[in-house]
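**Student:** let me see the structure of the following:
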Amino acid sequence: MRSSQALLRLAGGAASALLAAAACLYFFADLLPQVVAGHFLKALHFTAECILLGGAGVAGVLAEIRPHPMVSENFPYLTRLSGRSVVYIFFGACDHGPAWRGWWVCLFEGWSASCS
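**Tutor:** Residues are numbered from 1 along each chain as shown. Model prediction:
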């Protein structure tokens, strides 16, 4: 393996580890306050978000650093660079999306006080 490929795999592993770290951060920052406040439906949303981000982070680390047979069998697109890049772009958009509410989000969700 060339050094550029090794560096790319290392950077991909770090990005995947950051996805898993974001899942832990969202657990404490988003999920637990909703559970304490008694908003269980919102808590289910944040639970799904934490599971998806954490699962993608762990699968990405296993696919990037040392390809694990379980990941190669169940998620074959993670064995190719193009497949991993699509996963990173998708989860980057999911990670960035909830904090930013543009006018097009208001069109799809309906006009509300938070969109004005």
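**Student:** remind me what the helix or strand where A15 lies packs against, helices and strands.
**Tutor:** Applying DSSP states H and E as the criterion places A15 in helix 3-26. With contacts taken as 3 or more Cβ pairs under 8 Å, 6 or more residues apart in numbering; DSSP states H and E, helix 3-26 sits against helix 40-64, helix 81-96. For the C-beta atoms, the positions are set from N, CA and C on the backbone; glycine is no exception.
**Student:** other residues contacting the shortest one?
**Tutor:** By Cβ atoms under 8 Å, 6 or more residues apart in numbering, the residues outside helix 81-96 that reach it are 8, 12, 15, 19, 22, 49, 52-53, 56, 60, 63-64, 76-78.
**Student:** any of the residues you listed buried? List them.
**Tutor:** Among the contacts of helix 81-96, the ones that count as buried by 16 or more other Cβ atoms under 10 Å are 12, 15, 19, 22, 49, 53, 56, 60, 63-64, 78.
**Student:** now tabulate these in TSV and tack on pLDDT.
**Tutor:** Listed next are the buried ones among the contacts of helix 81-96 as TSV, based on pLDDT from 0 to 100:
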residue	pLDDT
G12	84
A15	85
L19	86
A22	85
E49	86
L53	87
A56	87
G60	85
A63	84
E64	82
L78	81
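**Student:** name the nearest residue to A22, sequence neighbours excluded.
**Tutor:** Distances taken as Cβ to Cβ, 6 or more residues apart in numbering put L53 closest to A22, at 5.5 Å, once the chain neighbours are dropped.
**Student:** again with C24
**Tutor:** Closest to C24 by Cβ to Cβ, 6+ apart is G54, at 7.5 Å.
**Student:** contacts only, for that neighbour.
**Tutor:** 19-20, 23-24 are the contacts of G54 under Cβ under 8 Å, 6+ apart.
**Student:** noted, bye for now.
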